[in-house]
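S.K.: Please find the sequence and the predicted model below.
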Amino acid sequence: MKIRIYLSIIGSAILSSGLAGAQGLVNTATEVKITKLIKQMTLQEKVGMIHANSSFRSAGVKRLGIPELTTSDGPHGVRLELGTPSGKVSDMEDAGTYLPTGNTLAATWNIQLGYAFGSVLGSEAKYRHKDIILGPGINIIRSPLNGRNFEYQSEDPYLVSQMVVGYIKGVQDQGISACVKHFAANNEEADRTTVDVQMSERALREIYLPGFKAAVTVAGVHSVMGSYNKFRGQYATENKYLVNKILKGEWGFKGLLMSDWGAVHNTMEALQNGTDLEMGSDLGTPRREFNNSFMGDTVITLVKSGKLSESVIDEKVRRILRVMFKTHMIEGKRTAGEYNTKAHQQTALKVAEEGIVLLKNEGQLLPLQRSAIKTLAVIGENADRPNALGGGSSQIKARYEVTPLQGLKNLLNNSVDITYAQGYKIARGQGADQQMIQQAVDAVSHADAAIIFCGWTHGYDYNKWNDNAYDAEAVDKPDMNMPFGQDELLKAVLKANPKTVVVLMGGGPIDITQWAGQSKAILEGWYPGMEGGNALAKVIFGQVNPSGKLPMTFPKKLEDSPAHKLGEFPGVNGTVHYNEGIFVGYRYFDTYKVEPQFAFGHGLSYTTFKYDKMNVQKGAGKQAIVKLMVKNTGKVAGAEVVEVYVKQVLHLVERPDKELKAFKKVFLQPGESKEVSVTLNKDAFSYYDDKKNTWVADAGQYNILVGSSSKDIRVSKNIVL
Ligand code: BGC
């Protein structure tokens, strides 16, 4: 009951904020004021505004009341203070709310939680006097190896497009700007600053751009970050096609495009191809002074010599000023933000609770029954390792972080005797440690129940965010194998006590084939934020019924995944060809009939759901209205994500076996039924025709498939459109 009230309040906030998004950044009265301001500015002042003046800021014009612009990472909390101190918040106060990472949020499949997540960020950023929060990160999860997958959301463009809107509106309704990143095709960390990405126009439009398009055209995002990589031979941040043609042209983006830190390479290209703000301009080798940025003093010389029209600079300044007016940096007054409130921590908890995914539960090993347990063995260094500071630029100094071990202690409150064994040692190149394995085996053999926390790792402190880390910026994972000899440990532990619950931590798929068949219960815990340990404990002991669903396919073997099978990763001689085209994630696994370890959209519950009475009707034009009943047929309350996929029955153009086009998360008491109704618009049936350069929805027969995962389709109906 409580849960539903909470969600309905947030739900109405999203609806009302729709108007704010639609009004956008351009307002006639403000444009007049902007014109007036620009007229009063010197060329030098204008140029000061289009490049960084310190690590996270760009200059204002004090005499005209234009403040500095202050950015901060992002995407799952406001980053600790770095670079020039703001003088407003001391270092002691920069420990804030650490939200679960992007994977966890996407795994909730709960749009309202996306909004709640964004609201926390916006509010804390405002409290910390930031103007732009550098998130969300929404690059498509193309390969399990990308070191930054943990920050991103999904392999599926529709799921990303839905989750990104709530997040951005949540941030921006606080009067702070979001910055969606990294635009575009930044799907690996290997050679990220130089790699040239080549892909078909169809893959670009159908897979890699929809999330960004929704951010701009639906959520009204104020800023976009251009990525490091090249796209079809030209750096993405200064890419004529991506920025001028698509972002600012087709999508009508009126906000500011900032570079990733150090991503500008050429003054003229950046100026003419749409870069509005150059950040990280000191990051080259050798380090440069900020006024020597590509978009620094050189620009003054170019304008003065007549090689560049000053109107090009005016346009960039205008875009920056629009964002400033919109977020009350100029005129009006910002409301005060809030910091480290109980409500923010509760949002972190809720996202973790709804994002944890129950992957396997044979013989209903889970939930563990507290009354039946006197001794519990907890295994694995990941059980007690804080993650907030790991990963790179997304690192957060957390106000606190409840590790899984602490979460179990909190929940069990001394009523159960807990034995902890480290099991493996987190260190690059470290293999199985026989002594640690023996200690773990001893612990689980003597316990009524056992839980092993394993998987990937982050770095763990500011200077060591990259140390021993597999989920981290600027590096990709070398393979999908479990590091630190964990397979050997798992096999031994599962043999010693078959009732061991396995909890995988980290930013996505890992190869579990060596022991998956031996295990009865597996949970995916991701990096679940500051309240993650409490959320995991509640799921394990049944206080929370899991409702998360995988936002990406878990392949059995790395070689099974399309980027590695059909495409390239990370590329050859500085270029990567996305030869798999649109066949990313389940689009590949389903079409090419490759059995995954766990399918996209998969996630179990402690209750069961029945899908019934499906009905599809034609709406106006190429529209289909899908209705069905979903019933909770088990004994406990739970939530089901109803996933709606579309398949074109006969097609001349190659299409994936099915594609996600709608979903709804439904909360149900035992025995309760609810009607689920979704409308599929023309977009749901369209593909991008590269020959005509436009979206096409063929007339003909479509199969509407509704189910609990991409592989667990419960009801389906055909419709002719
Ligand atoms: C990252 C961005 C980040 C920026 C500022 C870059 O290295 O790619 O995601 O926002 O640094 O920290």
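M.R.: Received it, and whenever you're ready, just let me know what you need.

S.K.: I'd like the distance between residue 135 and residue 506.
M.R.: Per C-beta to C-beta, to the nearest Å, residue 135 is found 20 Å from residue 506. In short, each C-beta sits where N, CA and C put it, glycine included.

S.K.: Give me the contact list for stretch 236-250.
M.R.: When contacts are defined by C-beta atoms under 8 Å, 6 or more residues apart in numbering, stretch 236-250 is touched by residues 182-186, 209, 212, 216, 224, 226-232, 234, 253, 257, 259-260, 263-266, 269-270, 272-275.

S.K.: for it, the distance to its chain's centre please.
M.R.: 23 Å (C-alpha atoms, centre = their mean, to the nearest Å).

S.K.: Touching, residue 127 and residue 341? I think so.
M.R.: No - Residue 127 is not in contact with residue 341 according to C-beta atoms under 8 Å; the separation is 9.7 Å.

S.K.: ok, back up a step: between residue 135 and residue 506, which has more neighbouring residues?
M.R.: Taking other C-beta atoms under 10 Å, residue 135 and residue 506 do not tie; residue 135 has more neighbours (30 against 24).

S.K.: Pull the contacting residues for the more buried one.
M.R.: Contacts of residue 135 (C-beta under 8 Å, 6+ apart): 73-76, 121, 167, 171, 178-181, 394.

S.K.: Can you tell me which of the residues you listed is closest to residue 688?
M.R.: Distances from the contacts of residue 135 to residue 688 were compared by C-beta to C-beta; the smallest belongs to residue 180, at 20.9 Å.

S.K.: name the helices or strands packed onto whatever helix or strand the closest one lives in?
M.R.: According to DSSP states H and E, residue 180 maps onto strand 177-183. Contacts defined by 3 or more C-beta pairs under 8 Å, 6 or more residues apart in numbering; DSSP states H and E place strand 177-183 against strand 132-133, helix 157-172, helix 210-217, strand 223-226.

S.K.: change it to 6 Å
M.R.: If you count contacts as 3 or more C-beta pairs under 6 Å, 6 or more residues apart in numbering; DSSP states H and E, strand 177-183 packs onto strand 132-133, helix 157-172, strand 223-226.

S.K.: closest to the ligand out of those?
M.R.: With C-beta to the nearest ligand atom as the criterion, the ligand lies closest to strand 223-226 of those, at 6.5 Å.

S.K.: ok, and what's touching the following helix or strand past the closest one?
M.R.: Following strand 223-226 in sequence order, the next helix or strand is strand 230-231 (DSSP H and E). Counting by C-beta atoms under 6 Å, 6 or more residues apart in numbering, strand 230-231 makes contact with 185, 196-197, 239, 242, all of which sit outside it.

S.K.: what does stretch 589-604 give?
M.R.: 357-359, 361, 548-550, 553-556, 560, 585-586, 643, 656-657, 709-711.

S.K.: which residues of this structure score low on pLDDT?
M.R.: For the chain, residues meeting the criterion pLDDT under 70 lie at 1-23, 83-92, 462-466.

S.K.: So which bits of it are right by the ligand?
M.R.: Within the chain, the positions adjacent to the ligand are 73-74, 134, 181, 260-261, 393 by C-beta under 6 Å from any ligand atom.

S.K.: re the thing from before, show me what secondary structure element comes after the strand holding residue 180.
M.R.: Downstream of strand 177-183, the first helix or strand assigned by DSSP H and E is strand 196-198.

S.K.: which other residues reach that next one?
M.R.: 185, 229-231, 233, 575-577.

S.K.: picking up where we left off before, which one of residue 127 and residue 341 is surrounded by more residues?
M.R.: Legend: neighbour count by other C-beta under 10 Å for residue 127 and residue 341, higher for residue 127 (21 against 14).

S.K.: Residue 479: neighbour count?
M.R.: 14.

S.K.: Which residue, other than its chain neighbours, is closest to it?
M.R.: Spatial nearest neighbour of residue 479, chain neighbours left out: residue 558 (6.1 Å); criterion: C-beta to C-beta, 6 or more residues apart in numbering.

S.K.: Check the spacing between the nearest residue to residue 79 once chain neighbours are set aside and residue 32 real quick.
M.R.: With sequence-adjacent residues excluded and distances taken as C-beta to C-beta, 6+ apart, residue 79 is closest to residue 73, at 4.1 Å. Separation of residue 73 from residue 32 (C-beta to C-beta): 35 Å.

S.K.: Compare those two (neighbour count), which wins?
M.R.: residue 73 (25 against 10).

S.K.: quick one, what contacts the more buried one?
M.R.: 79, 134, 393-394.

S.K.: rerun that using 8 Å as the cut-off
M.R.: Contacts of residue 73 by C-beta under 8 Å, 6+ apart are 79, 133-135, 393-395.

S.K.: Can you pick out the most distant pair from the contacts of strand 230-231?
M.R.: Most distant of the contacts of strand 230-231, by C-beta to C-beta, are 196 and 242, 13.2 Å apart.

S.K.: quick one: which of these two has more around it?
M.R.: Ranked by neighbour count (other C-beta under 10 Å), residue 196 and residue 242 place residue 242 first, with 27 against 19.

S.K.: helix/strand/coil for the more buried one?
M.R.: Three-state call for residue 242 (DSSP: H, G, I helix; E, B strand; the rest coil): helix.

S.K.: helix/strand/coil for residue 318?
M.R.: For residue 318, the assignment made with three-state DSSP gives helix.

S.K.: what's the burial count for the closest residue to it other than its chain neighbours?
M.R.: In space, not counting the residues next to it along the chain, residue 318 is nearest to residue 34; the distance is 5.4 Å by C-beta to C-beta, 6+ apart. Neighbour count of residue 34, defined by other C-beta under 10 Å: 22.

S.K.: Give me the domain ranges for this protein.
M.R.: Domain assignment for the chain, taken from automatic domain parsing, gives 9-81+92-326, 342-550, 609-720.

S.K.: Ok, which of those comes nearest residue 570?
M.R.: Residue 570 lies closest, by C-beta to C-beta, to one member of those: domain 9-81+92-326, at 3.7 Å.

S.K.: and the closest one, how far from the chain's centre?
M.R.: Taking C-alpha atoms, centre = their mean, one finds the center of domain 9-81+92-326 at 15 Å from the center of the full chain.

S.K.: Are we agreed that residue 424 is in a strand?
M.R.: No - counting by three-state DSSP, residue 424 falls outside a strand, being coil.

S.K.: can you tell me which residues contact residue 457?
M.R.: 382, 385, 390, 426, 468-471, 483, 505-506.

S.K.: Grab the nearest non-local neighbour of residue 328.
M.R.: Excluding its sequence neighbours, the residue lying closest to residue 328 (C-beta to C-beta, 6+ apart) is residue 334, at 4.8 Å.

S.K.: same deal with residue 560?
M.R.: Once flanking residues are discounted, residue 560 sits nearest to residue 594: 5.3 Å by C-beta to C-beta, 6+ apart.
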